[in-house]
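Peer 1: Predicted model and sequence below, questions to follow.
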Amino acid sequence: QVQLVESGGGLVQAGNSLRLSCAASGRTFSSYVMGWFRQAPGKEREFVAAISWSGGSTYYADSVKGRFTISRDNTKNTVYLQMNSLKPEDTAVYYCAAGTHHGYTEYEYDYWGQGTQVTVSS
């Protein structure tokens, strides 16, 4: 079992940055692929980024490539999402997820956090 708690969301102006954190409980954190998803009002949850268990491989949605960076610190059981050059269309609830293999859909992840709101004003 893995429990995930996100933090770092908030209200920012377009062009600014935020860093989200996701703290995981459990001694097997380093064996999980970690992902970030987001869900805007009235839209389906969508993949944002993922990172392999070692941190050696990362994956991004085209919409955030070059602006967002996913990283992890297995000594702290934490995964991060650095979000730069934020746009109003990045406004959503951001969710952290853990799974046993990399995937681009929510169905491939087994554990989820409660989400953190990110609002980008124009």
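Peer 2: That came through fine. Residues are numbered from 1 along each chain as shown.

Peer 1: just the strands in this protein please.
Peer 2: 4-7, 10-13, 18-24, 33-39, 46-51, 58-60, 68-73, 78-83, 92-99, 111-112, 116-121 (DSSP state E).

Peer 1: Which residues does the fifth one contact?
Peer 2: If you take CB atoms under 8 Å, 6 or more residues apart in numbering as the criterion, strand 46-51 is touched by 33-39, 57-61, 64, 68-72, 79, 81, 94, 102-106. Using the backbone N, CA and C atoms, a C-beta is placed for each residue, glycine as well.

Peer 1: CA atoms of it as CSV?
Peer 2: Listed in CSV are the C-alpha atoms of strand 46-51, where the atom choice follows Å, rounded to 0.1, in the frame of the first residue of the first chain:
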residue,chain,number,x,y,z
GLU,A,46,-5.3,13.7,-18.4
PHE,A,47,-1.7,12.6,-18.2
VAL,A,48,0.9,15.3,-17.4
ALA,A,49,4.2,13.5,-16.6
ALA,A,50,5.7,10.3,-15.3
ILE,A,51,9.1,9.2,-14.0
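
Peer 1: Residues in a beta bridge with A97, which ones?
Peer 2: Assessed by DSSP bridges, A97 has beta-bridge partners G35, W112.

Peer 1: ok, now which ones touch it?
Peer 2: Per CB under 8 Å, 6+ apart, neighbours of A97: 4, 34-37, 106, 109-113.

Peer 1: and what of Q39?
Peer 2: 45-46, 92-93, 95, 115.
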